[in-house]
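J.: below: sequence and its predicted model.
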Amino acid sequence: MKVRDRIEYLVIFIGEFAHHHHLNIRHTYQYLRQYKALDFLEQQYDVAHTMGFPYMVNAMTDYCRRNGGQL
């Protein structure tokens with residue numbers, strides 16, 4: 001069940017990130033993977049899923065910028 005919860009969280013997060021930045025899902029996934037945000041969320045799921053999506057979208061936007069992202 002835990003793996004399913006993680007997958008569902010990541011799918012919803014990608015959708016929220018895409019909506020916030022006016023991107024399509026495919027580009028969003030590639031961007032988050034390239035700048036290591038999905039790796040971070042997978043590793044920190046136990047804490048990340050307790051935060052609201054707006055907070056996490058902003059936090060992961062900053063995280064990607066620190067790793068070279070341009071959004």
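T.: Nice, I can see it.

J.: need the longest helix for the chain.
T.: helix 2-21 (DSSP state H).

J.: which helices and strands sit right next to the next helix or strand after that helix?
T.: Next helix or strand after helix 2-21 toward the C-terminus (DSSP states H and E): helix 25-34. If contacts are counted by 3 or more Cβ pairs under 8 Å, 6 or more residues apart in numbering; DSSP states H and E, helix 25-34 sits against helix 2-21, helix 37-43, helix 53-66. Yep, even glycine has a C-beta here, placed from its N, CA and C like the rest.

J.: burial count for the closest residue to R33 other than its chain neighbours?
T.: Nearest non-adjacent residue to R33, counting by Cβ to Cβ, 6 or more residues apart in numbering: D39, 7.9 Å away. Residues contacting D39 under the criterion other Cβ atoms under 10 Å number 11.

J.: same question for I14.
T.: By other Cβ under 10 Å, the residues close to I14 number 21.

J.: and the pLDDT for it?
T.: Note for I14: predicted pLDDT of 98.

J.: residues in contact with it?
T.: Counting by Cβ atoms under 8 Å, 6 or more residues apart in numbering, I14 touches I25, T28, Y29, L32.

J.: now G69
T.: Contacts of G69 by Cβ under 8 Å, 6+ apart are Y31, Q34, Y35, T61.

J.: list buried residues within those.
T.: Buried by 16 or more other Cβ atoms under 10 Å: Y31, Y35, T61, out of those.

J.: of these, closest to G68?
T.: Closest approach between those and G68, by Cβ to Cβ: Y35, at 6.3 Å.

J.: find the nearest non-adjacent residue to that closest one, please.
T.: Leaving aside its chain neighbours, Y35 sits nearest to C64 (3.9 Å; criterion: Cβ to Cβ, 6+ apart).

J.: thought that neighbour was touching D39?
T.: No. Contact status for C64 versus D39: not in contact, 11.4 Å apart, counting by Cβ atoms under 8 Å.
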